[in-house]
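A.B. asks: let's see this in three dimensions:
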Amino acid sequence: MTLTWRHYLGVALLTLLIFLPGRMTLVPLDRDEPRYMEASAQMIESGNYVDVRFLDQPRYLQPAGIYWLEATAERIAGGAHRRHVAWPYRIPSLIAAIAAVTLTAYLGASLFGGVAGLLAAGFLAVSTLLTAEGRMATIDTVLLLDILLVQTALLRAYMDEQRNRVTPLPIALLYWVALGCGLMLKGPVVLIPGLATPLALRIIERQARWFRRLRPSWGWLLTLAVVLPWCIAIGVVSHGEFFSRAVGTNFLGKIGHGQQAHGSPPGFHIAVFLLAFWPGSLFLVLGLPAIWARHREPAIRFLLCWIVPHWLVFEAIATKLPHYVLPTYPAIAILTAATLTRWPLHRPNALWAKGMMGLYGLLWGVLSLAFVVAGSILLWTSERRLDYGALIAFAGALPLVLYAFWLIWKTERFRAAWVMLSAAVVIHAGIFLTVIPNLGLLQLAPRAAALYDDYRPCEDSTLVSVSYSEPSLAFLAGSNTKLLGVGPASDYLAKNASCALVLVDRKDETALYASMAAKGFGLTEYGRVNGLNYSNGHHLDLGLFAPVRQ
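C.D. replies: Here you go, the predicted structure:
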């Protein structure tokens, strides 16, 4: 089967339909997403597109590329910046997810045929990790697309060498420009897959003639042309502080230390793969013997050199988050699809290997059933309610999952894969359309910001938050938000009493009252909101107060 432009258009439209549910109603999700959105919003408000800031602090974690994209999306889709509106900032992630899935279909089809390409696109589109990341205004889905473009250029040059074909100049341009764009998105991180794949092939094959097809003698100048202007500008503006923070603290610091409580031992990414690549994770494991039997084939070798070096680097560094290995998922999806469409099932001979596969299959089955019931159970335990939409998703997904179990038992893996892809679409639609919008535990920041909007005394009022410092509150309340402790908060309120309100948890009210009284001020309560701060598990009873001179 040969895929035409109609097939790729269909893949893009189906991916759009998969990723649309919940985008308009999903509130800003702490903590990373609202940091990106607020920094992008402040770019629009200030007109400063060089120096990235979150509230009154510089945000020197990565270059400005992702903030430019989100600010542009907000300007186009949202017009003048509007608080409480998150979906425009998520447009780059949506476009990147659609493009990444469609490009995966193209690569899979070019290597293993059209059916493999479509199946690979399906595995990537419904994988748990991309399903989550593709709905948030973070950098990871856009970075996935950029690295996928880098690998597409590398694969084309490598396969052209194998097939004795000419590599067009645009392929070389794609590689070097995509590297530059990756540097503008995440700094040196893009060089890990961008250079590790050709280096691994060089070590294995003891030659790298194919890489010369990408014109490395001058191509690196294109990469510099993309990234150097902003690097010079931010170096001047920040007096070099950006590079010490972004490279020295953020990038190199993650290697030796688990930053932000995300330290984990080696093996973390393998452990979470069962969940992160579900439902494709079992099908990959079942196909590993077939992949290994063909690991010397050029296409398989390239895909393994795409996956393994990247994976090993991120298993080795101390800081670990599941999305660090997301750029390997297109290659994993293509290999998984190839095992189902091109090669017969290889059963391992060793008893321990059979046992490990059986255990993995059991865990995968339990996880699949957990996904089916998760929405209804979460709504009931959190909100004490049953939602018809969640029940419909449960009723639609359960038969599909049970049928897939039966097909796997009958070793009809190909049919089982398509059935599980359908089940995953139903499950994810139910979660994002009916479950997440009705979870009260996600509504603390929106309710607090709405209360503040009802009582803000001035056009440019300031909300001082003493007990609740999540970035979602800052995005929803505005860039004038101050996240302060009791002492600094009382100092600020005393100096700006006419245009400031304070949000404080009941446990901190006594201390704030005493601190304000010492400055000759009292507090007038306007209202309260209570709920769970899901980022740290703390229950909060927040009161909104205005300072009043006594």
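A.B. asks: with adjacent residues omitted, what lies nearest to Arg209?
C.D. replies: With C-beta to C-beta, 6 or more residues apart in numbering as the criterion, Arg209 has its nearest non-adjacent residue at 6.4 Å, and that residue is Glu161. (Each C-beta comes from the backbone N, C-alpha and C, glycine too.)
A.B. asks: isn't the one you found up against Gln207?
C.D. replies: No. In this structure, Glu161 is not within contact of Gln207 by C-beta atoms under 8 Å, at 9.7 Å.
A.B. asks: more neighbours: the two, which one.
C.D. replies: Glu161 (18 against 10; other C-beta atoms under 10 Å).
A.B. asks: looking at this, the more buried one is in a helix?
C.D. replies: Yes. Under DSSP: H, G, I helix; E, B strand; the rest coil, Glu161 falls within a helix.
A.B. asks: list the contacts of it.
C.D. replies: Applying C-beta atoms under 8 Å, 6 or more residues apart in numbering, we find Glu161 in contact with Arg209, Trp210, Arg213.
A.B. asks: out of these, which end up buried?
C.D. replies: Buried by 16 or more other C-beta atoms under 10 Å: Trp210, Arg213, out of the contacts of Glu161.
A.B. asks: just put the contacts of Glu161 in TSV and tack on secondary structure and distance to Cys181.
C.D. replies: Below are these laid out as TSV (DSSP: H, G, I helix; E, B strand; the rest coil; distance: C-beta to C-beta, whole Å):
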residue	secondary structure	distance to Cys181
Arg209	helix	27
Trp210	helix	23
Arg213	helix	21
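A.B. asks: of the contacts of Glu161, closest to Ile192?
C.D. replies: Nearest to Ile192 among those, counting by C-beta to C-beta, is Trp210 at 20.1 Å.
A.B. asks: correct me if wrong: the closest one contacts Arg156.
C.D. replies: No. Taking contacts as C-beta under 8 Å, Trp210 lies outside contact range of Arg156: 10.0 Å.
A.B. asks: count the residues that sit near Ala489.
C.D. replies: For Ala489, using other C-beta under 10 Å, the count is 26.
A.B. asks: give me the element it is part of.
C.D. replies: helix 486-495 (DSSP states H and E).
A.B. asks: who are the packing partners of that helix?
C.D. replies: strand 462-465, strand 500-505, helix 506-517, strand 521-533 (3 or more C-beta pairs under 8 Å, 6 or more residues apart in numbering; DSSP states H and E).
A.B. asks: what lies in contact with whichever helix or strand comes after the first one?
C.D. replies: Read in the C-terminal direction, the helix or strand following strand 462-465 is helix 471-477, with elements assigned using DSSP H and E. Counting by C-beta under 8 Å, 6+ apart, helix 471-477 makes contact with 27-35, 37-38, 41, 54-55, 83-84, 86, 445-446, 448-449, 452-453, 463, 465, 481, 483, 503, all of which sit outside it.
A.B. asks: check what pLDDT Thr249 gets.
C.D. replies: pLDDT, Thr249: 63.
A.B. asks: no no, Val466
C.D. replies: Model confidence at Val466 (pLDDT) stands at 95.
A.B. asks: for it, give me its contacts.
C.D. replies: Leu484, Gly485, Val486, Ala489, Val502, Leu503, Val504, Asp505, Asp508, Leu512.
A.B. asks: one more: Thr341?
C.D. replies: Phe112, Gly113, Val115, Ala116, Leu119, Phe414.
A.B. asks: so how far is Leu145 from it?
C.D. replies: Thr341 sits 25 Å away from Leu145, going by C-beta to C-beta, to the nearest Å.
A.B. asks: and if you look at Phe243?
C.D. replies: For Phe243 relative to Leu145 (C-beta to C-beta), the value is 26 Å.
A.B. asks: next one: Leu451
C.D. replies: 39 Å.
A.B. asks: comparing the two, which shows the higher neighbour count?
C.D. replies: Between Leu451 and Leu145, Leu145 has the larger neighbour count (other C-beta under 10 Å), namely 25 against 21.
A.B. asks: my guess is that one is in a helix, correct?
C.D. replies: Yes. According to three-state DSSP, Leu145 belongs to a helix.
A.B. asks: pretty sure it contacts Ala99?
C.D. replies: Yes. Using C-beta under 8 Å, Leu145 is in contact with Ala99, at 5.3 Å.
A.B. asks: next secondary structure element downstream of the lowest-mean-pLDDT helix or strand in the chain?
C.D. replies: Lowest on mean pLDDT, DSSP states H and E among the helices and strands of the chain sits helix 253-256, with a mean of 56. Counting by DSSP H and E, the next helix or strand C-terminal to helix 253-256 is helix 268-276.
A.B. asks: list the helices and strands the longest helix anywhere in the chain packs on?
C.D. replies: Longest helix in the chain, counting residues (DSSP state H): helix 351-383. Applying 3+ C-beta pairs under 8 Å, 6+ apart, one finds that helix 351-383 makes contact with helix 268-276, helix 280-293, helix 388-409, helix 413-430.
A.B. asks: wait, what's in contact with the most centrally placed residue in the chain?
C.D. replies: Relative to the mean C-alpha position of the chain, the nearest C-alpha, by C-alpha atoms, centre = their mean, is the one of Glu133, at 3.1 Å. By C-beta under 8 Å, 6+ apart, the residues touching Glu133 are Ser93, Ala97, Asp140, Thr141, Leu144, His323, Leu326.
A.B. asks: again with Val419
C.D. replies: Contacts of Val419 (C-beta under 8 Å, 6+ apart): Leu400, Tyr403, Ala404, Leu407.
A.B. asks: residues near the residue nearest to it when sequence neighbours are not counted, how many?
C.D. replies: Leaving out its chain neighbours, the residue that sits closest to Val419 by C-beta to C-beta, 6+ apart is Ala404, at 4.3 Å. Using other C-beta under 10 Å, Ala404 has 25 neighbouring residues.
A.B. asks: show me what contacts Ala404?
C.D. replies: Contacts of Ala404 by C-beta under 8 Å, 6+ apart are Ser368, Ala416, Val419, Met420, Ala423.
A.B. asks: please repeat the previous calculation with a cut-off of 7 Å.
C.D. replies: Ala416, Val419, Met420, Ala423 (C-beta atoms under 7 Å, 6 or more residues apart in numbering).
A.B. asks: A strand includes Asp541, no?
C.D. replies: Yes. Assessed by three-state DSSP, Asp541 belongs to a strand.
A.B. asks: correct me, but it touches Asn530?
C.D. replies: Yes. Contact status for Asp541 versus Asn530: in contact at 4.4 Å, counting by C-beta atoms under 7 Å.
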